[in-house]
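Novice: Fold the following for me, if possible:
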Amino acid sequence: MLNALANKDQGHPVFQEFGYIEHVNQGQFIVRTQETRYTAKKAASCLQYPDITDKVLLITDPEGECYILAVLEKNGKKNKVIFEGDTDFLCKDGKIQIIAKTGVGIMTARKLDLTASEMQFVADHGKINISRLKVIATHLLSEIAKTKVLGGTFESLFDRFKQKVKRSYREVEGTDQLKANRLDYSADTLLTIRGKYSMLTAEEDVKINGERIHMG
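Specialist: Okay, here's the model as predicted:
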């Protein structure tokens, strides 16, 4: 059987020649050579996608099969690498780097997965536009010099919340409401509450204790 296949392959010589892409239509390429025109397909080993006027290397056989083995010269348009179906890039030992002078873009119409034991992002400026975002983390450490948040609604739910700042300033245009089971305010030097109208209401006792109490 192997001898028969070997004899069959030896009976079909192939030819190589240069050509130029004249037309591209749904994976079929019209290639012009010095003597004729061929309808060719891109070989799986040809990573560069041929464009019109590109100079290519062809391989043909007497039965009319024709493949583009390589793109030899580009016509000035952008380089394209196109695969059909699922594609894996594997590096068994080492790392893969993508380096570009002006930018790198990753686009997909569906899902984008990033999985790693450690992730690092470094940039001078950043912008993220996400319609809905969900973050799940066991520990978060953030070091920010200045933060400005603009939003329509902000909601947070914590079992325990602790905040420590040197100075805190807050301005509320409408109503500021706080509900708690127990409320404790402590000031080392001075506690001031001002308002055009002030009201303190309790269901049972109201206690005011001080060394000196001034009212009026």
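Novice: Select the longest strand from this structure.
Specialist: For the chain, the longest strand by residue count, based on DSSP state E, is strand 15-25.
Novice: After it, which helix or strand is next? Please name it.
Specialist: Note on strand 15-25: by DSSP states H and E, the next helix or strand toward the C-terminus is strand 28-32.
Novice: Give me the residue ranges of this protein where confidence is low.
Specialist: Flagging of the chain using pLDDT under 70 yields the residue ranges 1-11.
Novice: What are the boundaries of the strands in it?
Specialist: Using DSSP E, strands in the chain cover 15-25, 28-32, 37-42, 55-60, 66-73.
Novice: List the neighbouring strands of the third one plus their orientation.
Specialist: As defined by DSSP bridges, the strand partners of strand 37-42 come to strand 28-32 (antiparallel), strand 66-73 (parallel).
Novice: between the first one and strand 55-60, how big is the angle?
Specialist: Pointing back at strand 28-32 there. When axes from the mean of the first three to the mean of the last three Cα atoms, to 10 degrees is applied, the directions of strand 28-32 and strand 55-60 differ by 100 degrees.
Novice: Check the offset of strand 28-32 from the chain's centre.
Specialist: Averaging C-alpha positions (Cα atoms, centre = their mean, to the nearest Å) puts strand 28-32 37 Å from its chain's average.
Novice: likewise the longest one?
Specialist: Taking Cα atoms, centre = their mean, the mean C-alpha location of strand 66-73 is offset from the chain mean by 33 Å.
Novice: hmm, who's touching it?
Specialist: With Cβ atoms under 8 Å, 6 or more residues apart in numbering as the test, strand 66-73 has contacts from 16, 18, 29, 31, 38-43, 45-46, 48-50, 54-60. For glycine as for every other residue, the C-beta is placed from the backbone atoms N, C-alpha and C.
Novice: list the buried ones in that strand?
Specialist: Of the residues in strand 66-73, those scored as buried under the neighbour-count criterion (16 or more other Cβ atoms under 10 Å) are 66-68, 70-71.
Novice: Nice, that's everything, thank you.
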